[in-house]
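> model this:
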Amino acid sequence: MSAGETRLTAWVHGHVQGVGFRWWTRSRALELGLTGFASNRPDGRVQVVAQGSRDACQRLLDQLRSGNTPGHVDKVVSDWSEPADAFSGFTER
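All right, here's what the predicted structure looks like:
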C-alpha cells in the first residue's frame, strides 16, 4: 500500500438489495482502481469498503450519493480510516 492510501467504509441505506447495486458498485470501484468489497447487510443496507487513493475513494463516495445508482439510495453514511487488510480486487459478498 502506498502512503497516500486510505480506507472508505460506506453504509448505503435505501432500496439497494436485489437491484444490482453491489455489481454496479464493484464496476465503479474497479474503474477507479480501488480494492475492497460490497456486501449486503441483514438490515437491508449495503456496506461498501474501498481502499485506494483518497481521490478515488471520494469519487466512489460521490457516485454512491449521485442518485444514478441501481435501486434507490436514501442516504450514505461514510467513515474514513487507515487502510487495514490487503484486498485482492473488489468483490461482491
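> how many residues are close by the residue lying closest to G71 once chain neighbours are set aside?
Nearest residue to G71 in three dimensions, chain neighbours excluded: V19, at 3.6 Å (C-beta to C-beta, 6 or more residues apart in numbering). Glycine gets a C-beta too; all of them are placed from N, C-alpha and C. Using other C-beta atoms under 10 Å, V19 has 15 other residues around it.
> equivalent analysis for S27, please.
Neighbour number of S27 under other C-beta under 10 Å is 12.
> buried ones in the one helix or strand it maps to?
If you go by DSSP states H and E, S27 is part of helix 21-31. Residues of helix 21-31 classed as buried by neighbour count (16 or more other C-beta atoms under 10 Å): 21-22, 24-26, 28-29.
> just put those residues in TSV and tack on pLDDT and distance to S81.
Shown next, in TSV, are the buried residues of helix 21-31 (pLDDT from 0 to 100; distance: C-beta to C-beta, whole Å):
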residue	pLDDT	distance to S81
F21	98	23
R22	98	21
W24	98	24
T25	98	19
R26	98	21
R28	98	20
A29	98	17
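> before we move on, back to that, may I have the phi/psi pair for the residue nearest to G71?
Dihedral pair for V19: phi -130, psi 10, per degrees, to the nearest 10.
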